[in-house]
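S.K.: Just a sequence and a predicted model for now, questions to come.
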Amino acid sequence: MTITALMPVYPRSGVRPVRGEGAYLFGERGEKYLDFASGIAVNCLGHGHPKLVKAIADQAATLMHVSNLYGSPQGEHFAQRLVDATFADTVFFTNSGAEAVECAIKTARRYHFANGNPQRHDLIAFDTAFHGRTLGTISATNQPKMRDGFEPLLPGFKYAQFNDLAGALALIDDNTAGFLVEPIQGEGGIRPATQEFLQGLRKACDEHGLLLVLDEVQAGYGRTGKLFAHELYGITPDIMAVAKGIGGGFPLGACLATEEAAKGMVIGTHGSTYGGNPLAMAAGEAVLDVILEEGFLANVEKMGNRLRQALEQMIPNHDHLFAGVQGHGLMLGLRLKSDSRRFVAHARDNHGLLLVAAGNNVVRILPPLNIDDSHVAECIERLSEAARVYVPAADD
């Protein structure tokens, strides 16, 4: 037998973490890494945050799981806190971002069904987006590398160019349910939506009776210095998918919606065996406690500005390699003039710096949200040294 026990669907590197502490990961041979990947924006409080660890341990010793056939005091309390902090009136808890997006898609379709318009089932999505790896979410993701070999895909999606408002509006017809969009594309290369684009989609939804469905799985939960990225644009969605940082490392996601948008989601229309279990709710509450502490989001914005300024000051020293920086808060993308994946591997293997490659030769910089100036300085030092000795491939 040649296949590995772990199904070989990931291009796993030689880094084998066994322990984490704050902004650092430690390998099985004692190697120390500055973790500015955060599990791809998941470990928003870093590793081993005492409040999160205690909440999980205490809840695990009390009650981990019960069926959703019974009442959920933990879920009700956490959902109410999310409702109080956001545009939403109701929340469905999931175990992942893909599940949260699936719920958002179902909620949007069911809304029009409940309104007597079952033909309005098409969502307009956008090129270079990423919404997950389920059959439904790869159908919403117009990228052949994720779709090839999995056809037939789920029908009901059209695709426009990201930030092309006119192109998106031109796709609206009698079958349109709404738009599915990331305020800042993550996998696509840390590409923020323009104000005109996102505000224009909101206006079109209001004018045509459509739903604005936001995927804030990566951009949400304090990552941009706002609780959710759409706050940067002065708009609110009708439905929103959330995950990654919401659990701080514990598997947790959520689909948030207004009462109107969720009008079709009645008993029997959706469910999840594990979704909203007491252990996940305890983790979620602990993370939210920290993020909503006075000054936390302001510090994310401050650290984001300092990191961005430091990157911008560094770029001219290595302009053979770096082209610019983009993003918001601590969701930053460093544009390269050569292959980003190769450079990420170099920084990881030779300089102990963990980053994440993205589309369009962008390196994602996604540190824990509670970093300080010393972590910013260490990142720039390691990044500069990595760039100084890096030799691009001949075909870059």
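M.R.: The structure has been received and is ready for your questions.

S.K.: show me where pLDDT drops low in the protein?
M.R.: Where the chain drops to pLDDT under 70, the residues are 394, 396.

S.K.: who's in contact with residue 164?
M.R.: Residue 164 sits next to residue 197 when contact means C-beta atoms under 8 Å, 6 or more residues apart in numbering. Bear in mind the C-beta positions are built from the backbone N, C-alpha and C, glycine included.

S.K.: Ok, residue 351 next?
M.R.: Contacts for residue 351 were tallied using C-beta under 8 Å, 6+ apart; they are 382, 383, 385, 386.

S.K.: nearest to residue 107, of the residues you listed?
M.R.: For the contacts of residue 351, the closest approach to residue 107 (C-beta to C-beta) belongs to residue 383, at 41.0 Å.

S.K.: The one helix or strand that closest one maps to packs against which elements?
M.R.: Element membership for residue 383 (DSSP states H and E) is helix 373-389. On a contact count with 3 or more C-beta pairs under 8 Å, 6 or more residues apart in numbering; DSSP states H and E, helix 373-389 meets strand 32-35, helix 296-314, helix 340-351, strand 353-354.

S.K.: I figured residue 18 hits residue 28, correct?
M.R.: Yes. At 4.8 Å, residue 18 and residue 28 qualify as touching, with contact defined as C-beta atoms under 8 Å.

S.K.: Select, from the contacts of residue 351, the two members most distant in space.
M.R.: Of all pairs in the contacts of residue 351, the most separated under C-beta to C-beta is 383 and 385 at 7.4 Å.

S.K.: The two: who's more crowded?
M.R.: Shown here are residue 383 and residue 385; by other C-beta atoms under 10 Å, residue 383 has more neighbours (25 against 14).

S.K.: so where do the helices sit in the stretch 1-150 of the chain?
M.R.: 38-41, 50-60, 73-85, 97-114, 135-139, 144-147 (DSSP state H, counting those that start in this stretch).

S.K.: Reformat these into JSON lines and put distance to residue 306 and mean neighbour count next to each item.
M.R.: Shown next, in JSON lines, are the helices of the stretch 1-150 of the chain (distance: least, C-beta to C-beta, whole Å; neighbours: other C-beta atoms under 10 Å):
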{"stretch": "helix 38-41", "distance to residue 306": "17", "mean neighbour count": "22"}
{"stretch": "helix 50-60", "distance to residue 306": "25", "mean neighbour count": "16"}
{"stretch": "helix 73-85", "distance to residue 306": "26", "mean neighbour count": "16"}
{"stretch": "helix 97-114", "distance to residue 306": "28", "mean neighbour count": "25"}
{"stretch": "helix 135-139", "distance to residue 306": "35", "mean neighbour count": "21"}
{"stretch": "helix 144-147", "distance to residue 306": "35", "mean neighbour count": "12"}
